[in-house]
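fold the following for me, if possible:
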Amino acid sequence: MTKNSKYILPIKKGLTKVPDSFEWKLVNLHAYEELKQKVAKGEKTLLDLKEFESKYRESVDERELRWRREHYIREVQLNHIKNYQHFKDNPKEFMKKMADMGKKVSQWWFKRPKKGLGRGKLIRGRLDGSFIQEYKPNKSMRMKDWLSAAEKGQVMGHLNPNGVPLNRKPTDEEIEFSEKNKNARKQKVYDYLLKITDNFGRGWKLPKWGKLKTTEPGHHMVSKEEKSYTIK
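Predicted structure coming up:
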């Protein structure tokens, strides 16, 4: 839930105005805290604080957009909780309803994960059915010691079994491997897009007209050369 959840009202016709009680969001918070400390010491006045708030706060449109975004997130959360409660009461009826609508049900509603990444237990949420892993560090240490151990690759052993330092730059081989996998993922998305959209009307395996074109739509277009004319 967001900080302003209590101000998020149900969507109704005519609800277009942001409530006056919905707080404004400021930027440059570090300077704002320093200014408040100076005001408390008497070095700055309340007028300076008000001028800073009016200068560095979000615009009216940004505030309204943030209010509507939080309102939408709130509606999605409530709908998700409602669906999970329906699933708990009658799983067969709910799954049949979702199947008729062509929607999928989260596997974690009826299946428990085998094991988490850390040592903490997995706890299921009573409202939305999501699993949250409790924080239980493998070894207790101060932040300064943890950062020192991170430079030697001695932390997060379950994710870093080779003991690679966490603050180093990637090698050329790792960059090449990353780019190769990135291009492979992009190609899969592109092939899936062409298959779903029937290659934008050009056909996939058997084109509806002309030759089969496998070039990406909107790219690799050959522009016509400008013709030159001579005046007689």
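
give the contact list for Leu166.
Going by C-beta atoms under 8 Å, 6 or more residues apart in numbering, Leu166 touches Ala150, Glu151, Gly153, Val155, Met156, Asn160. Quick note: C-beta positions are derived from backbone N, CA and C, even for glycine.

mind listing what the last one touches?
Spelled out, that is Asn160. Gly153, Leu166.

would you say it is within a helix?
No. Asn160: not assigned to a helix; according to DSSP: H, G, I helix; E, B strand; the rest coil it is coil.

so how far is Leu117 from it?
12 Å (C-beta to C-beta, to the nearest Å).

ok, now the first one?
As for Ala150, its distance to Leu117 is 17 Å (criterion: C-beta to C-beta).

for the fourth one, same thing?
Look at Val155 and Leu117: by C-beta to C-beta, they are 13 Å apart.

who's more crowded, these two?
Applying other C-beta atoms under 10 Å to Val155 and Leu117 shows that Val155 carries more neighbours, namely 21 against 9.

just confirm the more buried one is within a strand.
No. Counting by three-state DSSP, Val155 is located in no strand; its state is coil.

dump the contacts of Leu166 to CSV, plus pLDDT.
What follows is those, written out as CSV (pLDDT from 0 to 100):
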residue, pLDDT
Ala150, 85
Glu151, 85
Gly153, 84
Val155, 80
Met156, 77
Asn160, 80
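
out of those, who's nearest Glu179?
For the contacts of Leu166, the residue nearest Glu179 by C-beta to C-beta is Asn160; the value is 21.9 Å.

tally of neighbours for Asn83?
Neighbour number of Asn83 under other C-beta under 10 Å is 19.

what's the answer for Gly153, then?
Using other C-beta under 10 Å, Gly153 has 17 neighbouring residues.

same check on Leu193?
For Leu193, the count of nearby residues is 13 (other C-beta under 10 Å).

now do the one 4 residues further on
Applying other C-beta under 10 Å, we find 12 other residues in the vicinity of Thr197.

residue ranges of the strands in the chain, please?
Along the chain, counting by DSSP state E, strands occupy 122-124, 131-133.
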